[in-house]
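S.K.: Mind looking at a prediction? Sequence and model below.
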Amino acid sequence: MSKRILILDCGPGVAQAIAKAHALGYHVVLMSEEETTPTPGGDEVRFGELWVHDAIGQVLDECRIDGILQPFGYASFPVSLAASKLKLKALTQFTAVEMQVRHTGATVMEKRGAPVITLRFAETPVQANEAAREFGLPVWIDADETYSQAPTIRVDEIEDLSLAFSRATRQSLLKNAVVMPVVQGSTFYVDGVMTEGMFRLSGLIGVDTGKPPFRFECGIVASPAVSDRERDEMVRVTKQALAALDCIDGCVHAEVILTHQGPVVLGMFGAPAALRFPADILLLAHGVDTIANALRFAVGESLRMEITRDRGAAISWIPTHSGVVTEIRGIEEARGVPGVEEIVIVAKPGDVMGHVVDCETRNRVGYVLATGENAHDATRAAKRARDLCEIVTRPAYS
């Protein structure tokens, strides 16, 4: 009898997870919010509140589930709580909540000596203002939960702080923010698996965070060009952060900024980085299927961590201007760029587009996926094809 896996319909990587589960021969039970259109592909679909552990637990019990995929999304903590009651494999409740709520996790990591960016919790614009004055401008302000689709916003003038607080908390379930000093350096995701307290690296992902004031992924690449020493240092601080959060088992990734003084941790996440994105670039670059491993972990099967190739893979998201989409140009020419694996255009004529300022608005446009002999070639191909794709708009009120 095939394994029965529960996948919650939240986060960008759900379609990938469903496809991978079917490839592994699992029976997929998909749980979606009421009054939503479920992601296609589930063998069964159940509806309920993904934020409520009792609702998740009911599906786990009624559907005789063998494992539940730890999501990249707001349901991470309730999944851990529901899974623990049925003794299914998942992050512990402590680890899940510390990873999900940014200020509590950072506080624990800092107290236990992990090299983490110092931040301040803010429930109101007044508290955010006080934190900014403590650190000195410029500062970053972000939603308090790590899984928010809101951008990190750079604030250079104190009079802009109130608007930035509003933007940061608009897409936040908790409606709270964190303020931190701006840290100069390159951003990476350190992806791997914890088994019995030991961390095994799946790979590194380099992140293009765009231009201020909005900080979010505009492009990613595997594996980025870093020295062995830099890679080892990023793995070291990731291990320190995981130990501080008492993480024993789970598929995880860290957001790390590599500064001139060394790497510092910006956030920890209880899911593979591939669940943030529409494609698993570590699989294309190295042959390590991080989503398949997360599914195997959930049902108690052996993981496959062997590196079977050494190439580059990159995603570059397509920019656009605000307005009504009138035409989409250059797609066929872009598909002809050597190395391009896939071009996905989400926008269509008639859509009203806003400025691309965060992951949510970014995902409404489209992306290019490319591979190459190395990270440089893959990134160059993705960007070249991206620049050929043009989303033509006119003013919305013309």
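M.R.: Here it is on my side, so go on.
S.K.: And the helices in this protein?
M.R.: For the chain, the helices defined by DSSP state H cover 14-23, 53-62, 76-85, 93-100, 102-111, 125-135, 161-170, 228-244, 281-286, 290-299, 331-335, 359-362, 375-388.
S.K.: What I need now is those written out in TSV, including distance to Glu255 for each item.
M.R.: Every C-beta, even on glycine, is put in place using the N, C-alpha and C of the backbone. Below are those laid out as TSV (distance: least, CB to CB, whole Å):
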stretch	distance to Glu255
helix 14-23	20
helix 53-62	26
helix 76-85	15
helix 93-100	11
helix 102-111	11
helix 125-135	19
helix 161-170	16
helix 228-244	10
helix 281-286	15
helix 290-299	16
helix 331-335	30
helix 359-362	13
helix 375-388	18
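S.K.: Could you pull up the residues touching Gly136?
M.R.: Contacts for Gly136 (CB atoms under 8 Å, 6 or more residues apart in numbering) come out as Pro181.
S.K.: quick one: it from Thr107, how far?
M.R.: Distance of Gly136 to Thr107, computed by CB to CB, to the nearest Å: 21 Å.
S.K.: before we move on, what about Ser148?
M.R.: 18 Å.
S.K.: Leu91 contacts Ala271, doesn't it?
M.R.: No: between Leu91 and Ala271 there is no contact under CB atoms under 8 Å: 9.1 Å.
S.K.: tell me, what's touching these two both at once?
M.R.: With CB under 8 Å, 6+ apart as the test, Leu91 and Ala271 both reach Gln70, Ser76.
S.K.: Contacts only, for the residue most central in space within the chain.
M.R.: Closest residue to the average C-alpha location of the chain: Arg276 at 3.3 Å, with CA atoms, centre = their mean. Taking CB under 8 Å, 6+ apart as the criterion, Arg276 is in contact with Gly11, Pro12, Gly13, Phe72, Glu217.
S.K.: Would you mind checking those for buried ones?
M.R.: Gly11, Pro12, Gly13, Phe72, Glu217 (16 or more other CB atoms under 10 Å).
S.K.: What score does the third one have for pLDDT?
M.R.: Reading off the per-residue confidence, Gly13 sits at a pLDDT of 91.
S.K.: what about the residue lying closest to it once chain neighbours are set aside, distance to Gln16?
M.R.: Excluding its sequence neighbours, the residue lying closest to Gly13 (CB to CB, 6 or more residues apart in numbering) is Leu275, at 3.4 Å. Computed as CB to CB, the Leu275 to Gln16 distance reads 7 Å.
S.K.: With neighbour numbers in mind, choose between the two.
M.R.: Leu275 (25 against 19; other CB atoms under 10 Å).
S.K.: which residues touch the more buried one?
M.R.: Gly11, Pro12, Gly13, Gln16, Ala17, Pro71, Phe72, Ile291, Ala294.
S.K.: Can you name the two of these that sit furthest apart?
M.R.: Every pair in those was compared (CB to CB); the two farthest apart turn out to be Pro12 and Ala294, at 14.4 Å.
S.K.: how does this protein divide into domains?
M.R.: 4-90, 118-181, 184-299, 312-394 (automatic domain parsing).
S.K.: Now do the second one: distance from first to last residue.
M.R.: When the termini of domain 118-181 are compared using CA to CA, to the nearest Å, they are 8 Å apart.
S.K.: before we move on, what about the first one?
M.R.: Between the opening and closing residues of domain 4-90 lies a distance of 15 Å (CA to CA).
S.K.: how distant is that domain from the center of its chain?
M.R.: Remark: domain 4-90 is offset 18 Å from the chain centroid, using CA atoms, centre = their mean, to the nearest Å.
S.K.: Kindly report the same for the third one.
M.R.: Centroid separation for domain 184-299 versus its chain: 10 Å, with CA atoms, centre = their mean.
S.K.: for that domain, how far is the first residue from the last?
M.R.: One end of domain 184-299 sits 40 Å from the other (CA to CA).
S.K.: now stretch 314-326
M.R.: In stretch 314-326, first residue to last residue: 28 Å (CA to CA).
S.K.: One more: stretch 112-122?
M.R.: 22 Å.
S.K.: begin at 43 from here
M.R.: Yep, numbering from 43; the last one is stretch 154-164 now.
S.K.: Please point out which parts of that stretch sit buried.
M.R.: In stretch 154-164, counting by 16+ other CB under 10 Å, buried: Ala156, Pro157, Val158, Ile159, Leu161, Arg162, Phe163, Ala164.
S.K.: between the residues you listed, which is nearest Leu123?
M.R.: Using CB to CB, Phe163 comes nearest to Leu123 of those, at 22.8 Å.
S.K.: Which residue is the nearest non-sequential neighbour of the closest one?
M.R.: Nearest one to Phe163, counting by CB to CB, 6+ apart, is His145 at 4.0 Å.
S.K.: what's the neighbour count on that neighbour?
M.R.: 19.
S.K.: Over to Met240?
M.R.: 12.
S.K.: cool, the one 3 residues further on as well?
M.R.: Under the neighbour criterion other CB under 10 Å, Leu243 is assigned a count of 18.
S.K.: repeat for Gly67
M.R.: Other residues close to Gly67 by other CB under 10 Å number 8.
S.K.: What residues does the nearest residue to Ile107 once chain neighbours are set aside make contact with?
M.R.: In this structure, Ile107 finds its nearest non-sequential neighbour in Leu48, 4.7 Å apart by CB to CB, 6+ apart. Taking CB under 8 Å, 6+ apart as the criterion, Leu48 is in contact with Val71, Leu72, Met73, Ile98, Val101, Leu102, Cys105, Ile107, Gly109, Ile110, Leu111.
S.K.: with the contacts of Arg318 in mind, which one is nearest to Ser44?
M.R.: Gly55 (21.6 Å).
S.K.: And Leu337, how far from Leu215?
M.R.: 26 Å.
S.K.: So those two - more neighbours on which side?
M.R.: Using other CB under 10 Å, the more surrounded residue of Leu337 and Leu215 is Leu337, with 24 against 14.
S.K.: wait, doesn't the more buried one sit right on Ala59?
M.R.: Yes: taking CB under 8 Å as the definition, Leu337 is a contact partner of Ala59 at 7.0 Å.
S.K.: Return every residue with contacts to both of those two.
M.R.: Residues touching both Leu337 and Ala59 by CB under 8 Å, 6+ apart: Leu111.
S.K.: No more questions from me, cheers.
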